[in-house]
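> model this:
(2 chains)
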2 protein chains.
Amino acid sequence: MVILSKEIGITVKKASDLSEWYTQVVTKAELADYSPMKGFIVLRPYGYSIWESIKEHLDSRLKESGHSNAYFPLLIPESFLKKEASHFAGFTPEVFWVTHAGENLLSERLAIRPTSETIINDAYSRWIRSWRDLPLLINVWNSVLRAEITATKPFLRTSEFLWQEGHTVHSSKEEADQEVMMILGFYRELIEQQLAVPVLAGYKSEREKFVGALYTTTLEAMMPDGKAIQMGTSHNLGQNFSKPFEIKFLGKDEQTYYAWTTSWGVSWRLISAMIMLHGDDRGLIIPPRIAPIQIVIVPIYFKEGSKASIITKAQRVADTLRNAGLRLRLDTRDQYTPGWKFNDWEMKGVPLRIEVGPRDVDRNELTLVRRDTFQKTIVNDVRLVEQTKKCLEEIQTSLYTKASDALKASIRQAENYEHLRKLLDEKGGFVRACWCESEECEDAMKTETGATIRTLPFDDESVFAACVKCGRVGKKVVYLARAY
Amino acid sequence: MVILSKEIGITVKKASDLSEWYTQVVTKAELADYSPMKGFIVLRPYGYSIWESIKEHLDSRLKESGHSNAYFPLLIPESFLKKEASHFAGFTPEVFWVTHAGENLLSERLAIRPTSETIINDAYSRWIRSWRDLPLLINVWNSVLRAEITATKPFLRTSEFLWQEGHTVHSSKEEADQEVMMILGFYRELIEQQLAVPVLAGYKSEREKFVGALYTTTLEAMMPDGKAIQMGTSHNLGQNFSKPFEIKFLGKDEQTYYAWTTSWGVSWRLISAMIMLHGDDRGLIIPPRIAPIQIVIVPIYFKEGSKASIITKAQRVADTLRNAGLRLRLDTRDQYTPGWKFNDWEMKGVPLRIEVGPRDVDRNELTLVRRDTFQKTIVNDVRLVEQTKKCLEEIQTSLYTKASDALKASIRQAENYEHLRKLLDEKGGFVRACWCESEECEDAMKTETGATIRTLPFDDESVFAACVKCGRVGKKVVYLARAY
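As a prediction, this is how the structure comes out:
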């Protein structure tokens, strides 16, 4: 058999070079490919199927809670972006500008959306007249572009990314607050329960909040190299957009009010955290609940004589599990050996392998092999569905528990600034510290340590010390980290 | 009650001004809205839910037949577009060009994809090595941009549109031929069986085929004003892209071959044909199989006393029908009268209304009202599910039959050129004629009559006359029409 390039496994250890390991996993598991244009990647079918899994899960939560999908134009006139000044200032350095249509110079240059607040709020101002039209709960699945000048990293640093952006309008601040927190809850459920990625939840600082927001809430995960990833954010935009865009409504009291808006999003970044957190030296490990393929069935025959009965049994196993609602692939490709298939599906992170060999046929048994621990279990045919489901749940729980333990272990408390620097340099992670709430200290810490305030936790933790930077009165507990 | 602008119905008759009627239906039924930028529209939640219905149907057909979804970059370097010369020449006049990222002038200008053959085939050349990698069957759901200089018409003439583009690679022309025809079959099933829009199927002429294709197959529908709409196309690209993009594979015989590729797409145009064909003076009529909301249940009470029992019954009806797999809305909005609700849901084209009034509660009955005929049927509670399903199927069939009769009636045969012009001017429709296959005649007919050859039918119809234009030997039967 010809050795194809894709048959070669990952050539570095995850623990020794996470960055190179990540790039190899992403490309060799065929999740994504680099594109000839710097900053742009191709999401290949296997990677897209993971995104579809994420999408389906979140989309049904959003629909159940009254949100609808819609689509807004890709291009936004420069004058729109400018309507909310800080928003414009924040995004304009990374905007791709369209200047020509065919041979014709456009009268106003158009931005490819870096996010859609402006064009969406403009439409809302035409659609909303009275309290009867509220709340307006819309979500969009699209791609946005923000020029990325540093090295491309699939799913993490790309000039174009797939995401969803939600944009809602409410009649009061309280209702907008509730929306923001409900969405953050959906995100947390998706990230922790489906992707098995534990997170810290809280507010962003004024400096780190979304440009144009009243406040931003965030979910932050920790990677094995001690760097944090921002997983999802949900913003209360206050009346910062409703005023310049004139989103007004007639209340039940016949008075006119400015509305309150929110926006929120998660992107394909979610996939990067899942890869880095769960993968091992053989490749990806995808948590069963989100895995596009939860089980791969590999028939094993060395003599042609046993082939027919083995294939028949493998087919029966596939039918049984599919009828039980499980997502699986029966790999009957004749051009590859079982060993090659094991490597291939391990690289792709399918959480459970079922082997069907001659002995399994003779004894009415099956062999289950866990992707995360490689533990083998012999299961009697009659207990197939029950044992398979149990095994998938165990993998899900085990991945989450391991990651959750690692997150907890990564959090250390800084007594003073030297200690903070030492903790960050030692092995990164989240550093818990007190902060005086001045932007001066925040900026200095970022410049001097490379770490940012990732979040101010929701649960009002009592301040335990002076500001870690200036030694003045500590006002807030914060979690700092270097981040992707 | 305040009269809102959206309470005002459609102010023109469909038969007297189709164009104005269309615009009003699209905006008043809240399918789409104009955007501040010429050529761009917003797809509102109700319109998007129709697109989602279309998408789900086609997506599952594509997946069942082995296709996977993926995502490719929005921006394409100019040098890529140029690799297939006729393709470039065809698209470049309508391309939106990106020249800057932030403040920086790009070294090469980038096209916003007008279609993705070039960037996708470039990726394929890296992914395909041997016959083991074939066929490669990928589909993409995205939006594409083609600058539209004429007046914007939602779903029909817009500078950005949502669509799917499929791109497949095969080891032989025969396999590519089969793919092209299989996809056209999926499209036809979607368009005729789901959207209830009958079509003519066939080849495009050389002049009208996709730029860069070996040949193009098409489905063409006829609108009430006598103009055709191209509904979907499926192209065999031959080796026209595999050669410049170097898509080669090692055959089982260890020889290297250029691959054969196809591409195919349908867009949100499908929605425009559905609107024009089925709608009436009260608004939209959506065929039940594709309708996001198949049934609206409207409780009717005038005295508060009867409200509780009516709402309870309406709720029970909703649960029963939902459990039977039907898509419905129970409209319990207190701020609107039943009459207002009737108008609203008629405008939105929900195919079936179920009224629950005091008499219906007393008599264990329900009133079903068809959107297409306004025919009322009194149904006993116990036969609810059966009668509702039957009624929805009747509406589906009836819409298709009516449209199919209209399509057939629109086809007339031209004996000579004068006759052709007369038929077109009289009331448009498809004109069946013979053609000598010269581009000269084709061009002249287009210039002089405004009609194009919409299709050359698959079923090898025997030539019945001389070329309708030049009178020389007729070689092919064609269907001509003016088109959107």
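> what is the least confident helix or strand in chain A?
Ranked by mean pLDDT, DSSP states H and E, the weakest helix or strand in chain A is helix A:85-91, scoring a mean of 79.
> elements contacting it?
Here helix A:85-91 touches helix A:78-81, going by 3 or more CB pairs under 8 Å, 6 or more residues apart in numbering or on different chains; DSSP states H and E. No exception for glycine: its C-beta is placed from N, CA and C like everyone else's.
> mind listing the helices for the stretch 251-400 of chain A?
Using DSSP state H, counting those that start in this stretch, the helices assigned to the stretch 251-400 of chain A run over residues A:269-278, A:304-323, A:338-347, A:358-362, A:384-410.
> which one of these lies closest to chain B?
With CB to the nearest CB as the measure, helix A:338-347 is the member of the helices of the stretch 251-400 of chain A nearest chain B (11.4 Å).
> average model confidence for that closest one?
For helix A:338-347, mean pLDDT is 96.
> can you give me the buried ones in stretch A:475-484?
Within stretch A:475-484, the residues that count as buried by 16 or more other CB atoms under 10 Å in any protein chain shown are A:Lys476, A:Val477, A:Val478, A:Tyr479, A:Leu480, A:Ala481, A:Arg482, A:Ala483, A:Tyr484.
> among these, which ones are in helices?
Under the assignment DSSP state H, these contribute nothing to helices.
> so of the residues you listed, which ones are in strands?
Residues of the buried residues of stretch A:475-484 located in strands (DSSP state E): A:Lys476, A:Val477, A:Val478, A:Tyr479, A:Leu480, A:Ala481.
> so the third one bridges to which residues?
This points to A:Val478. A:Ala433 (DSSP bridges).
> doesn't A:Thr455 make contact with it?
Yes. Using CB atoms under 8 Å, A:Val478 is in contact with A:Thr455, at 7.2 Å.
> can you tell me which residues in the stretch 301-450 of chain A are near chain B?
Contact residues, the stretch 301-450 of chain A versus chain B (CB under 8 Å from any CB of the partner chain): A:Gln335.
> excluding covalently adjacent residues, which one is nearest to the residue in the stretch 301-450 of chain A that chain B sits nearest to?
Residue of the stretch 301-450 of chain A nearest chain B, by CB to the nearest CB: A:Gln335 (5.7 Å). Distances taken as CB to CB, 6 or more residues apart in numbering or on different chains put B:Arg132 closest to A:Gln335, at 5.7 Å, once the chain neighbours are dropped.
> what's the neighbour count on that neighbour?
Applying other CB atoms under 10 Å in any protein chain shown, we find 14 residues neighbouring B:Arg132.
> what does the one 5 residues further on give?
Per other CB under 10 Å, the neighbour tally for B:Leu137 reads 19.
> what do you get for A:Ser130?
Using other CB under 10 Å, A:Ser130 has 17 other residues around it.
> residues contacting the closest residue to it other than its chain neighbours?
For A:Ser130, ignoring the flanking residues on the chain, the nearest one in space by CB to CB, 6+ apart is A:Leu250 at 4.3 Å. Going by CB atoms under 8 Å, 6 or more residues apart in numbering or on different chains, A:Leu250 touches A:Arg129, A:Ser130, A:Trp131, A:Thr256, B:Val2.
> one more time with 10 Å, if that's ok
Going by CB atoms under 10 Å, 6 or more residues apart in numbering or on different chains, A:Leu250 touches A:Ile128, A:Arg129, A:Ser130, A:Trp131, A:Arg132, A:Asp133, A:Thr256, A:Tyr257, B:Val2.
> tell me how far it lies from A:Ser125.
Remark: distance between A:Leu250 and A:Ser125 (CB to CB, to the nearest Å) = 14 Å.
> before we move on, back to that, of the ones in strands among the buried residues of stretch A:475-484, which is the nearest to chain B?
Using CB to the nearest CB, these come closest to chain B at A:Ala481, 27.4 Å.
> report the distance from the helix or strand hosting A:Lys422 to the chain centre.
For A:Lys422, the host element (DSSP states H and E) is helix A:417-427. Taking CA atoms, centre = their mean, to the nearest Å, one finds helix A:417-427 lying 28 Å from the centre of the chain it belongs to.
> run through the neighbouring helices and strands of that helix.
strand A:412-413, strand A:431-435, helix A:439-449, strand A:476-481 (3 or more CB pairs under 10 Å, 6 or more residues apart in numbering or on different chains; DSSP states H and E).
> okay if I get these as CSV plus mean pLDDT?
Shown next, in CSV, are these (pLDDT from 0 to 100):
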stretch, mean pLDDT
strand A:412-413, 96
strand A:431-435, 97
helix A:439-449, 97
strand A:476-481, 97
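> a markdown table for the ones you listed, including distance to B:Glu20?
As requested, the helices and strands packed on helix A:417-427 are exported to a markdown table (distance: least, CB to CB, whole Å):
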| stretch | distance to B:Glu20 |
| --- | --- |
| strand A:412-413 | 69 |
| strand A:431-435 | 62 |
| helix A:439-449 | 57 |
| strand A:476-481 | 59 |
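> most distant residue from the middle of chain A?
Distance to the chain centre peaks in chain A at A:Gly305, reaching 47.6 Å (criterion: CA atoms, centre = their mean).
> how close does that one get to A:Asn364?
Note on A:Gly305: its distance to A:Asn364, by CB to CB, is 19 Å.
> name the nearest residue to the residue of the stretch 151-300 of chain A found nearest chain B, sequence neighbours excluded.
Proximity of the stretch 151-300 of chain A to chain B (CB to the nearest CB) peaks at A:Glu160, 5.7 Å away. The shortest distance from A:Glu160 to any non-neighbouring residue, by CB to CB, 6+ apart, is to A:Leu145 (4.9 Å).
> next, give phi and psi for that neighbour.
Main-chain torsions, A:Leu145, degrees, to the nearest 10: phi -120, psi 130.
> could you list the low-pLDDT ranges of chain A?
Scanning chain A for pLDDT under 70 picks out the ranges A:1-7.
> quick one, domains of it?
Following automatic domain parsing, one gets these domains for chain A: A:10-278, A:295-406, A:411-481.
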